[in-house]
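Engineer: need the 3D shape of this:
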Amino acid sequence: MCDTNYTCVAKIRKEWLPAHETHRGTHPRPRETAEALRTRSRHGSSRIPPLLKGESTMDRSRPLPSRRRILQGAALAAVPYALLPDARAGAQTQAIDYPSAEWQPASTSNYTASTRPNAYSVDRVIVHVAQETYASTLSIFQNPRKKVSAHYVVGSADGQVAQCVREADIAWHAGNWDYNTRSIGIEHEGWVDQPHYFTDAMYTQSARLTAAICDRYGIPKDREHILGHVQVPGTDHTDPGPNWDWVRYIRLVNLT
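Structural biologist: This is a model prediction of the structure:
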């Protein structure tokens, strides 16, 4: 343990510099400032270590960190990373409008930032079938070249819900700007001609999501306000297709 700050510095200088640089007389002694002279006087030594590269004599007057501060820093470094607060946690909580969803953000190139319902009223939900798997759908939304997104994606096997776009923002899902500005888009894993993808878990979790959206914006829970993509004017899409059980779905939305 060093007895003074000065001797600690001198020891570090001696250990870090090559032998030929620490040898006395190999470097001319820098002109001493008044502070340097006082420092030498305090420690009763006529020998002042040579300056490190890039150091000025003014640096010698700066107080070194105390032993207490050094130990505090070492203790913090020893704390496992997993025990430290996760900076992403706050951002993820803020991003999710539906508490049961996982946050899987779409590329910012694939939707329009907005302040709905202030900028545009939200008065409908549009149901889609992705013609892709759950993972592939998320990947497409995260690809800035695709220029497509939906607010939510619902998985087939377990009804897992992912949120990709904030409800305040305008997802590009309907192929019609007016409908995009006024709706929440929900994609479902699967294909329109493969009804086995439309599982009980998918229907149940999707209906809960739609019910929560309707409650939040005061949207009636009926077929005039919960639409299929096929009902959007000007679209060439047919989803969710004839295998989607609308009677069951609307009943579940109203029972939630």
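
Engineer: in the stretch 151-256 of the chain, mark out all the helices, start to finish.
Structural biologist: For the stretch 151-256 of the chain, applying DSSP state H, counting those that start in this stretch gives helices covering 177-182, 200-217, 246-255.

Engineer: among these, which is the most enclosed?
Structural biologist: Among the helices of the stretch 151-256 of the chain, ranked by average contacts under mean count of other Cβ atoms under 10 Å, first place goes to helix 200-217 (a mean of 19). (C-beta placed from N, C-alpha, C; glycine too.)

Engineer: any weak-confidence spans in the stretch 1-150 of the chain?
Structural biologist: Scanning the stretch 1-150 of the chain for pLDDT under 70 picks out the ranges 1-95.

Engineer: please enumerate the strands of this structure.
Structural biologist: 102-103, 111-112, 124-127, 152-154, 161-163, 170-171, 183-188, 226-228 (DSSP state E).

Engineer: just checking, what packs against the fifth one?
Structural biologist: It refers to strand 161-163. strand 102-103, strand 152-154, helix 200-217 (3 or more Cβ pairs under 8 Å, 6 or more residues apart in numbering; DSSP states H and E).

Engineer: wait, which of these is closest to residue 227?
Structural biologist: For the helices and strands packed on strand 161-163, proximity to residue 227 was assessed by Cβ to Cβ; helix 200-217 is nearest, at 11.0 Å.

Engineer: which helices and strands sit right next to the closest one?
Structural biologist: By 3+ Cβ pairs under 8 Å, 6+ apart, helix 200-217 packs against strand 124-127, strand 152-154, strand 161-163, strand 183-188, helix 246-255.

Engineer: the ones you listed: which one's closest to residue 103?
Structural biologist: So among these, strand 161-163 is nearest, using Cβ to Cβ, at 5.8 Å.

Engineer: neighbouring strands - and their directions - for the closest one?
Structural biologist: strand 102-103 (parallel), strand 152-154 (antiparallel) (DSSP bridges).

Engineer: for it, what is the average pLDDT?
Structural biologist: Mean pLDDT, strand 161-163: 98.

Engineer: quick one on the thing from earlier: let's have the strands of the chain in JSON lines, adding distance to residue 144 and mean neighbour count.
Structural biologist: Shown next, in JSON lines, are those (distance: least, Cβ to Cβ, whole Å; neighbours: other Cβ atoms under 10 Å):
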{"stretch": "strand 102-103", "distance to residue 144": "18", "mean neighbour count": "15"}
{"stretch": "strand 111-112", "distance to residue 144": "11", "mean neighbour count": "20"}
{"stretch": "strand 124-127", "distance to residue 144": "23", "mean neighbour count": "24"}
{"stretch": "strand 152-154", "distance to residue 144": "18", "mean neighbour count": "29"}
{"stretch": "strand 161-163", "distance to residue 144": "18", "mean neighbour count": "23"}
{"stretch": "strand 170-171", "distance to residue 144": "14", "mean neighbour count": "25"}
{"stretch": "strand 183-188", "distance to residue 144": "18", "mean neighbour count": "27"}
{"stretch": "strand 226-228", "distance to residue 144": "28", "mean neighbour count": "20"}
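
Engineer: as a markdown table, these with distance to residue 219 would be great.
Structural biologist: Formatted as a markdown table, the strands of the chain follow (distance: least, Cβ to Cβ, whole Å):
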| stretch | distance to residue 219 |
| --- | --- |
| strand 102-103 | 23 |
| strand 111-112 | 20 |
| strand 124-127 | 6 |
| strand 152-154 | 15 |
| strand 161-163 | 18 |
| strand 170-171 | 16 |
| strand 183-188 | 9 |
| strand 226-228 | 8 |
